[in-house]
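No letters, just coordinates:
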């Protein structure tokens, strides 16, 4: 059943185009600085300012740039398609009579969604590391306003940051997945999921709406950036807990929807 | 004469959609080696009945059984059943072969299925089976779906309007195939509005009207004194008003 989801969704022109767009951004962002490796990116601070110093710097700057909008859009696209495409095509009834149980169908879809999310995050990191390696080379991780990180420190923080970002994207995928099961068409689910990210980001920027923003998973998505800031990271554990809670709630809601939805619909 | 073993059994099936009772206390059975036509006007409850028989719909009351086993969604007994319900459906960006492979593999079987060659012969798609399904005509999709239902060499076939979109030669080939399958002990339940075709194909019939059983039995007995199945059918359903005009 997992093979069905992977074959029908991941090896699909539209999926490959979406992943290519993700990979294209780190490459396009690196090219203008190809002639000045090891120099600060203008007056930019933080990860963006240190991007041309090393491959790892560029990869993390790419993740910081893509994580608020383009990466969640691609993740939502994949998750909505995995949740709803078989129903939109009318194939789901033939899966049930193959026979496939609801439990097996949901498990395969969740596994495929998690794998698709992992691939999307990996594409950003691989493209960032690849473009950075070619144009800037492998050097110690540079921090603006602090000493460079040792290899062990940099590896630990990159792995932690990437894992955190992956967890945030899994929360996004779970939300989009549930919408894909709930709403009549996959396109509607994608529109609502993207709308949610945009509106949540706007709310997140309004100090007066902090109480609302604090309960939304989007509010914590960029907390990992603090791992590369001399001031340090904050609320990583809280952010991870909110993302996990979102995943659990959405999966539970998705199961309820699938259980009560007319299988012939 | 030995009594055929019951393969498909509906016991008091009732299905409501909000206040509308689509199927009302319906009971019938189909024996091994029989081809049973499920007949009735549009909205009589044929498709709702078929959905309950293959677990796609849960009856509000009553039980559907296949080979003596109560049917629910995804029940293992469905491995023995070939299904065409609510029209053909495929992954559009994959080829016909890739679709057959996926539909077979999700059931856990090793490729190829036991009756793939004969199913593809019946579908008659030739090299088109390697092309993407989104370029197929309605008839090609229907034939590919029939191939998907038949490739596992099922003991039981539940086919909702299988002749839709087929030309006369394809309808004849399908009829011969189903007759041959029943001669080897398979059981077929088929819904159709094409009564002339049903008269050539079926050994038995179940007639529904307003969700209720109007008549059931061997086809010869149902036709009885009438000149054709069509006349008998119209007499059993509300259509007799039109027939009299």
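Looks like it came in fine. Owing to the predicted nature of the structure, the values given are computational and were not obtained by experimental measurement.

who are the neighbours in contact with the residue in the stretch 101-250 of chain A that chain B sits nearest to?
Of all residues in the stretch 101-250 of chain A, the one sitting closest to chain B is residue A:101 (3.5 Å; C-beta to the nearest C-beta). Just so you know, the C-beta spots here come from the backbone N, C-alpha and C atoms, and that holds for glycine as well. The contact partners of residue A:101, taken as C-beta atoms under 8 Å, 6 or more residues apart in numbering or on different chains, are B:73-74.

backbone phi and psi for it, please?
With angles defined as degrees, to the nearest 10, residue A:101 shows backbone torsions of phi -80, psi 160.

ok, it to residue B:107 distance?
Here the criterion is C-beta to C-beta, to the nearest Å. By it, residue A:101 lies 12 Å from residue B:107.

again, but for residue B:196
Distance from residue B:196 to residue B:107, counting by C-beta to C-beta: 35 Å.

who's in contact with the residue of chain A positioned farthest from its centre?
Distance from the C-alpha centroid of chain A, by C-alpha atoms, centre = their mean, peaks at residue A:97 (34.1 Å). Residues in contact with residue A:97 (C-beta under 8 Å, 6+ apart) are B:54-56, B:78, B:81, B:83, B:85.

Likewise for residue B:215?
Residue B:215 touches B:205-207, B:222, B:236, counting by C-beta under 8 Å, 6+ apart.

need the helices for the chain, in chain order.
No chain specified, so I'll use chain A. If DSSP state H is used as the criterion, the helices of chain A fall at A:2-5, A:13-30, A:46-50, A:55-66, A:70-89, A:92-96, A:102-135, A:151-182, A:186-204, A:210-213, A:236-260.

was after chain B, sorry
Secondary structure of chain B (DSSP H): helices at B:46-53, B:96-105, B:116-123, B:138-150, B:168-183, B:195-201, B:219-223, B:229-236, B:240-244.

and the angle from the fifth one to helix B:138-150?
On the basis of axes from the mean of the first three to the mean of the last three C-alpha atoms, to 10 degrees, helix B:168-183 is oriented at 10 degrees to helix B:138-150.

Just checking the distance from helix B:168-183 to the centre of its chain.
Here the centre of helix B:168-183 is set off from its chain's centre by 13 Å, with C-alpha atoms, centre = their mean, to the nearest Å.

Tell me the residues on chain A that lie near chain B, please.
Contact residues, chain A versus chain B (C-beta under 8 Å from any C-beta of the partner chain): A:1, A:3-4, A:7-8, A:12-13, A:85-86, A:89-91, A:93-102, A:104, A:262-264.

Give me the buried subset of the residues you listed.
In terms of neighbour count (16 or more other C-beta atoms under 10 Å in any protein chain shown), the buried residues within the residues of chain A next to chain B are A:1, A:4, A:7-8, A:12, A:85-86, A:89-91, A:93-101, A:104, A:263-264.

most centrally placed residue in the chain?
In the absence of a named chain, this looks at chain A. The C-alpha lying nearest the average C-alpha coordinate of chain A belongs to residue A:169 (C-alpha atoms, centre = their mean; 3.4 Å).

I was after chain B.
The centre of chain B sits closest to residue B:159, judged by C-alpha atoms, centre = their mean, with a distance of 1.9 Å.

who touches that one in this structure?
When contacts are counted by C-beta under 8 Å, 6+ apart, residue B:159 is found next to B:82-84, B:146, B:149, B:188-191.

Throw those residues into TSV and include neighbour count, distance to chain A and pLDDT, thanks.
Formatted as TSV, these follow (neighbours: other C-beta atoms under 10 Å in any protein chain shown; distance: C-beta to the nearest C-beta, whole Å; pLDDT from 0 to 100):
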residue	neighbour count	distance to chain A	pLDDT
B:82	25	9	96
B:83	26	5	96
B:84	25	9	96
B:146	25	12	96
B:149	23	9	96
B:188	27	16	97
B:189	28	14	97
B:190	25	16	96
B:191	24	15	95
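
For residue B:22, which non-adjacent residue is spatially closest?
Leaving aside its sequence neighbours, residue B:22 sits nearest to residue B:48 (C-beta to C-beta, 6 or more residues apart in numbering or on different chains; 4.4 Å).

Might one say that the one you found is in contact with residue B:57?
Yes - under the criterion of C-beta atoms under 8 Å, residue B:48 makes contact with residue B:57 at 6.5 Å.

Quick check on the contacts of residue B:215: which are buried?
Buried among the contacts of residue B:215 by 16+ other C-beta under 10 Å: B:205-207, B:222, B:236.

surely residue B:51 meets residue A:264?
Yes - here residue B:51 reaches residue A:264: they are 5.2 Å apart, a contact under C-beta under 8 Å.

Find residues that contact each of the two.
With C-beta under 8 Å, 6+ apart, residue B:51 and residue A:264 have common neighbours B:57, B:85.
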